[in-house]
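Asker: Sequence unavailable; structure follows:
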């Protein structure tokens, strides 16, 4: 039996490795369009921000290792352009320009996502870049070094944009961030978003929400980012406007699509076409709070869905429960974490949500080194269930969010969550964990 | 209606304040034998270890505040010696030696716990001390300062002993720890306990398990702690051998007792006698994993049960789900956390437990500043349920444990837990959270 995997990133390589370990006699062919497989994509901003680190540090395992040690037929420089479910073949072109065709018994589409690029004049100018693949990381790092970048404009204010603004500040690069929408971190509670915004601005980043770039022009060895009323000059422009799923070839083959043009899969990672699976950033998932399909491409889900797809391809039965939308990032000295639904998302999904936001201390009464920590919880007035949580603080936000994420998976009520036995010691928090204090406040509102 | 509360510490004052807020017309009398109410008992080791901090920093709210601002009849220096359910009275003696008697309509016993003192000759010598009340903290801090303590022996190797060994080392005091039992941290996985032991020893603490103190003698201005084969010289001896519930008066009044001589309460904090409630370190609780009664006196439960008792005293219906036994402490640079049952405890309770221990990195691949983190999970082979978790690491253990604690409250299987959407960002962990990696390993063992 031959498994063909399209895409050799997190999901694809997880799946290939696991399938080969489970069924060593299975022929596993991975077709990857770049030369890179298995690297820490999420680590790129931190690496770019540190001139002392080699970008190649991010490589976890080289292609040769998968070939020799794991017996995987890993073909890099192979770009798949066509999937034919009738003949059960995939075909495409190599980097050298040669055509190729492979038969498959099982196919896994793990094509990931691509950065959204600005659809404006000048978007293709040198110095206008995006960060998704390791090659993007290499380009940005060497561009900054070669061009002695002093000023950058980031298009977008999402996680990647914020991680990159910290990286660029570490390189002493002036940063301006612009986006068309008027709201900073729209998927966060306004109080918590304000804390993040103040931190970012205090670190010297200039934020310009409410006016997107209309054109980028080359001017006197610089780039002029024209937003209408304002024109921002820069040495480089980073597009951090989000990603879209790489689902074109799948769609052309008749594979059903889900939210945002992602590839629709069931809980076993099967697509609408028999023997075609999909996993990773290109595939959708069930949201555990709404029970509805969603598309939130993040690293853990990519790895996990790769494994689960492999299990099911190999004849097992691994059923994934879905995602809670747990997301975490660091920006300067702040940890920012969320899981589940926002108040607004909860309303849109037909809940009758209430929310509570509290501010408390990251350590016990008078314990040295304490800083403020903010917790926000959303609950459903109808069922009493917890719907979402957010945390922001200099310490104690990153891992604390997981308690709420598990509660969402368990379908716990706010009341039950407020009664959980969470950890306490003076260096790590108040006696009542911030999430518990928020839950107690929320219970009062929910009546 | 008059509520009498015996004990003005965490549970007692939480209850008194909440009752008064809920029913402002209720007369709330608190009888506290010391002069201290509302202080951060858990913060004492950290305060003692820092000569620059005043021990009075630990006071959260003074007695006068409760009296004036909250309208609570808070009587300090009032020691209750007798509870009479027939006449519905409590009586005792004041610090000045006067007798007192109070009628009650509802009684809350929140007498807390007392340190276990060594029952050996010399236990009452000056310089042999225990740490439980704020007065204990004052005594220890001033004793160290006055006597220029250079060497200390700690009896016991539990949380308080370990927190105190760090505090004493911070004061440049040599520390030896002794205890009768041969096993260091017997309620932790052996691998994780070894990591903690190595940290403690690397910080200069000498551990002598397997031989308890038989006698303490005063000798040449020092204390000689005689353990049979070895005699350890010290300037002070700290008894950190655990605590026992203060339930004597309750027992004498016919109130039913629970594990370890604690006061038995139901999920609404009612004792076996009508209109008598109990909360805090003196009361037992239901363990959410075993469903059986247990006695694990910790700060969050004390506060929470005080609140819940007040709600029920005031005519509400607050039912507590129980405790998971979540415990957390810091020792030198390590965070040590646990929740639920150990493998051995699980066996004793009739489960068919399996366990897995993993070691991974506290940050993503090649992310700077990473350190090892250890995770240990226990699951039940019969039901598939998660039974317990432990974490040790220089970062990322303290709050991570809460994900497992919530899973225990929810009765989650290891499989379901392994499928939860936990947070990931490179500065905070590997893509697969250490708890998830441990869960994946445990699933293999559970078959």
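Answerer: Cool, the structure landed. These figures come from a predicted structure and were not determined experimentally.

Asker: who does the host helix or strand of residue A:208 pair up with?
Answerer: Secondary structure from DSSP states H and E places residue A:208 in strand A:206-209. Applying DSSP bridges to the sheet, strand A:206-209 is found paired with strand A:174-179 (parallel).

Asker: which residue ranges form the strands in the stretch 151-300 of chain A?
Answerer: Remark: strands assigned in the stretch 151-300 of chain A by DSSP state E, counting those that start in this stretch are A:151-155, A:174-179, A:206-209, A:215-219, A:222-226, A:231-234, A:236-239, A:243-245, A:276-278, A:285-286, A:293-294.

Asker: Just put the ones you listed in TSV and tack on mean pLDDT and mean neighbour count.
Answerer: Quick note: C-beta positions are derived from backbone N, CA and C, even for glycine. Below are the strands of the stretch 151-300 of chain A laid out as TSV (pLDDT from 0 to 100; neighbours: other Cβ atoms under 10 Å in any protein chain shown):
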stretch	mean pLDDT	mean neighbour count
strand A:151-155	98	24
strand A:174-179	97	22
strand A:206-209	96	16
strand A:215-219	96	15
strand A:222-226	97	20
strand A:231-234	97	18
strand A:236-239	98	24
strand A:243-245	97	22
strand A:276-278	98	28
strand A:285-286	98	22
strand A:293-294	98	18
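
Asker: Can you add distance to residue B:380 and give those strands back as a markdown table?
Answerer: As requested, the strands of the stretch 151-300 of chain A are exported to a markdown table (distance: least, Cβ to Cβ, whole Å):
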| stretch | distance to residue B:380 |
| --- | --- |
| strand A:151-155 | 50 |
| strand A:174-179 | 50 |
| strand A:206-209 | 51 |
| strand A:215-219 | 60 |
| strand A:222-226 | 59 |
| strand A:231-234 | 59 |
| strand A:236-239 | 50 |
| strand A:243-245 | 39 |
| strand A:276-278 | 32 |
| strand A:285-286 | 27 |
| strand A:293-294 | 32 |
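
Asker: which one of those strands lies closest to residue A:25?
Answerer: Judged by Cβ to Cβ, the one of the strands of the stretch 151-300 of chain A that comes nearest to residue A:25 is strand A:276-278, at 19.3 Å.

Asker: picking that back up, residues in contact with the strand holding residue A:208?
Answerer: By Cβ atoms under 8 Å, 6 or more residues apart in numbering or on different chains, the surrounding residues in contact with strand A:206-209 are A:157, A:175-179, A:181-184, A:197, A:200-201, A:227, A:230, A:232.

Asker: any idea how far residue B:427 is from the single nearest residue of the stretch 51-200 of chain A relative to chain B?
Answerer: In the stretch 51-200 of chain A, no residue comes nearer to chain B than residue A:57, which is 4.7 Å away by Cβ to the nearest Cβ. Distance, residue A:57 to residue B:427, using Cβ to Cβ, to the nearest Å: 15 Å.

Asker: neighbour-wise, which of these two wins?
Answerer: Between residue A:57 and residue B:427, counted using other Cβ atoms under 10 Å in any protein chain shown, the more crowded position is residue B:427 (21 against 16).

Asker: my guess is that one is in a helix, correct?
Answerer: Yes - the assignment for residue B:427 (DSSP: H, G, I helix; E, B strand; the rest coil) places it in a helix.

Asker: Could you pull up the residues touching it?
Answerer: Contacts for residue B:427 were tallied using Cβ under 8 Å, 6+ apart; they are A:46, A:330, A:398, B:363-364, B:367, B:369.

Asker: Strands of the stretch 301-447 of chain A, residue ranges please.
Answerer: So, for the stretch 301-447 of chain A - with DSSP E, counting those that start in this stretch - the strands run A:327-331, A:334-340, A:353-361, A:372-380, A:386-393.
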